[in-house]
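# What shape does this take:
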Amino acid sequence: MPAPARSNASPDIGFAESTLGQSLLRMLAEGSASNRAIADHLLRNQVRVTALGIEELADACEVSTATISRFARDLGFKNYAAMRSAVAETLQSVLQPVEKLRSTIARRAASPALESLGYAEAGIIATSRALTKDELDRIGSVLMRARTVYVLGFGLSTFLAGALAMHLQPFCRHVVEVAAAGGTEVAASQLATVTDKDVLVVISLPRYTLAAVSLTRFARDSGATVVSITDSPASPLAELGHHVLYAHSAHPVLPSSSSAALAIIEALAVSLMTSNKANVAKAARHTEAIAAYLYGEHQIRTGSTQKKEGARKRQSVKKS
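Sure, this is the predicted structure:
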């Protein structure tokens with residue numbers, strides 16, 4: 001029986017960390033073009049594959065049935081049926097805790113909108129269970145040491161990149177939101193001077209953009225440390241990251257859900273903020289600097305100033 005991975009990991013990550021998943025990841029990295037297509041499909045569609053015949057999988061991967069059979073043998077299975085059974089056995093242990101949670105959510109969800117909220121809840125829980133404090137602390141240390149932290153996200157990940165950049169600014173020496181001022185050309189210009197003293201945090205969920213992959217590869221080739229926030233070990237950003245944080249993004253309607261990725265960003269910000277006394281002081285200074293522009297603080301400060309002015313005038317009247 002294929003060995004399952006951590007039971008607290010999200011399904012995609014748990015499957016990828018199993019013995020079978022690791023074999024598929026190696027095939028994805030080192031195999032022929034046709035084998036990479038099959039491995040990618042298996043890593044992303046494990047549940048669906050368990051119900052597919054060899055002809056249907058061949059059509060989905062745009063290869064021949066003979067190629068599917070060779071692929072199965074290359075992985076050490078007698079035939080396609082044996083490989084499909086191994087996928088099902090691996091999934092049984094990986095999916096059990098998450099499916100239990102999802103079924104509970106589905107029972108109480110009265111509409112697709114509420115079901116969407118339920119998926120967000122399940123994704124955050126699955127992501128949280130797979131993260132460790134040490135992992136977040138290591139990435140926090142990398143960010144603190146960097147000369148410049150570049151943050152990159154395109155499409156729906158743009159707003160996630162902006163949120164992360166704002167959270168990092170009080171604590172890191174210099175933070176650049178790579179794509180904030182424009183598209184790919186501007187982002188490439190921002191990264192033109194990246195070096196081994198810098199860190200690139202790239203955020204990409206399905207659907208992945210070619211620009212995010214190519215710019216991340218450029219930054220890594222230039223010596224920068226890459227932190228990838230993505231959804232699965234099968235993501236093209238996973239293999240490019242020196243450090244990888246996985247955000248569960250499965251959704252029944254949308255191409256992907258950003259809820260867990262945003263939760264990771266907030267967790268990383270809190271980890272940085274509480275990592276040492278100096279950062280606590282930086283957070284306090286940051287709050288003080290922006291207080292005049294916050295509605296509640298503005299009202300309090302204005303009221304306090306008016307009271308002081310009134311007291312000064314009354315004192316002046318008494319003296320006269």
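
# Local confidence estimate at Ala66?
Ala66 is assigned a pLDDT of 96 by the prediction.

# quick one: it is in a helix?
Yes - counting by DSSP: H, G, I helix; E, B strand; the rest coil, Ala66 is located in a helix.

# contacting residues for the nearest residue to Leu43 once chain neighbours are set aside?
Counting by CB to CB, 6 or more residues apart in numbering, Leu43 lies nearest to Ala234, which is 3.8 Å off, once chain neighbours are set aside. Bear in mind the C-beta positions are built from the backbone N, C-alpha and C, glycine included. Contact partners of Ala234, counting by CB atoms under 8 Å, 6 or more residues apart in numbering, are Asp12, Ala16, Leu25, Leu28, Asp40, Leu43, Arg44.

# which one among those residues gets closest to Ser85?
Relative to Ser85, the closest of these is Leu43; by CB to CB it sits at 17.2 Å.

# can you pull out the helices in the stretch 51-200 of the chain?
With DSSP state H, counting those that start in this stretch as the criterion, the stretch 51-200 of the chain has helices at 54-61, 65-74, 80-108, 112-130, 133-145, 158-168, 184-190.

# now those helices as a markdown table including distance to Tyr246 and mean neighbour count?
Output for the helices of the stretch 51-200 of the chain, formatted as a markdown table (distance: least, CB to CB, whole Å; neighbours: other CB atoms under 10 Å):
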| stretch | distance to Tyr246 | mean neighbour count |
| --- | --- | --- |
| helix 54-61 | 24 | 16 |
| helix 65-74 | 26 | 17 |
| helix 80-108 | 13 | 17 |
| helix 112-130 | 6 | 18 |
| helix 133-145 | 10 | 16 |
| helix 158-168 | 14 | 20 |
| helix 184-190 | 24 | 15 |
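
# With respect to those helices, which exhibits the lowest mean confidence?
Among the helices of the stretch 51-200 of the chain, helix 80-108 scores lowest, at a mean of 71.

# So what's the residue count around Gly223?
Gly223 has 11 neighbours, counted by other CB atoms under 10 Å.

# for the residue lying closest to it once chain neighbours are set aside, what are its contacts?
Leaving aside its sequence neighbours, Gly223 sits nearest to Asp196 (CB to CB, 6+ apart; 3.1 Å). Residues near Asp196 by CB under 8 Å, 6+ apart: Ser222, Gly223, Ala224, Thr225.

# Would you confirm that the last one contacts Val201?
So the one you mean is Thr225. No - using CB atoms under 8 Å, Thr225 makes no contact with Val201, being 9.5 Å away.

# Between those two, which has more neighbouring residues?
Val201 (30 against 21).

# how about the more buried one, what does it touch?
Leu143, Val149, Tyr150, Val151, Leu152, Ala161, Leu164, Val227, Ser228, Ile229.

# rerun at 10 Å
Going by CB atoms under 10 Å, 6 or more residues apart in numbering, Val201 touches 139, 142-143, 146, 149-153, 161, 164-165, 168, 175, 178, 216, 225-229, 241, 243, 245, 265, 268.

# Break the protein into its domains for me.
Domain assignment for the chain, taken from automatic domain parsing, gives 11-105, 132-275, 279-319.

# Least confident of those, on average?
Lowest mean pLDDT within the domains of the chain: domain 279-319, at a mean of 61.

# one step back: compute the distance between the residue nearest to Gly223 and Arg145, please.
Per CB to CB, to the nearest Å, Asp196 is found 12 Å from Arg145.

# again, but for Val176
Here Val176 is placed at a distance of 16 Å from Arg145 (CB to CB).

# With Ala181 instead?
26 Å.

# Now the common contact residues for Thr225 and Val201.
Residues touching both Thr225 and Val201 by CB under 10 Å, 6+ apart: Ile139, Val142, Leu143, Ala146, Val149, Gly241, His243.

# Which one of those is nearest to Glu55?
Taking those together and measuring to Glu55 by CB to CB, the closest member is Gly241, at 36.3 Å.

# Three-state assignment for that closest one, please.
Classification of Gly241 by three-state DSSP places it in coil.

# Tell me how many other residues surround it.
20.

# how about it, phi and psi?
phi -90, psi 130 (degrees, to the nearest 10).

# wait, Ala238 sits on Leu205?
No - counting by CB atoms under 10 Å, Ala238 stays clear of Leu205, with 11.9 Å between them.

# and these two? which has more neighbours close in?
Here Ala238 and Leu205 are set side by side on neighbour count (other CB under 10 Å), and the busier one is Leu205, at 25 against 19.

# How about the more buried one: what's its closest non-neighbour residue?
Excluding the flanking residues, the one nearest Leu205 by CB to CB, 6+ apart is Ser256, at 4.3 Å.

# mind pulling up the phi and psi values for that neighbour?
Here is the backbone geometry of Ser256 (degrees, to the nearest 10): phi -170, psi 160.

# doesn't Leu156 make contact with it?
Yes - between Ser256 and Leu156 a contact is recorded at 7.6 Å, counting by CB under 10 Å.
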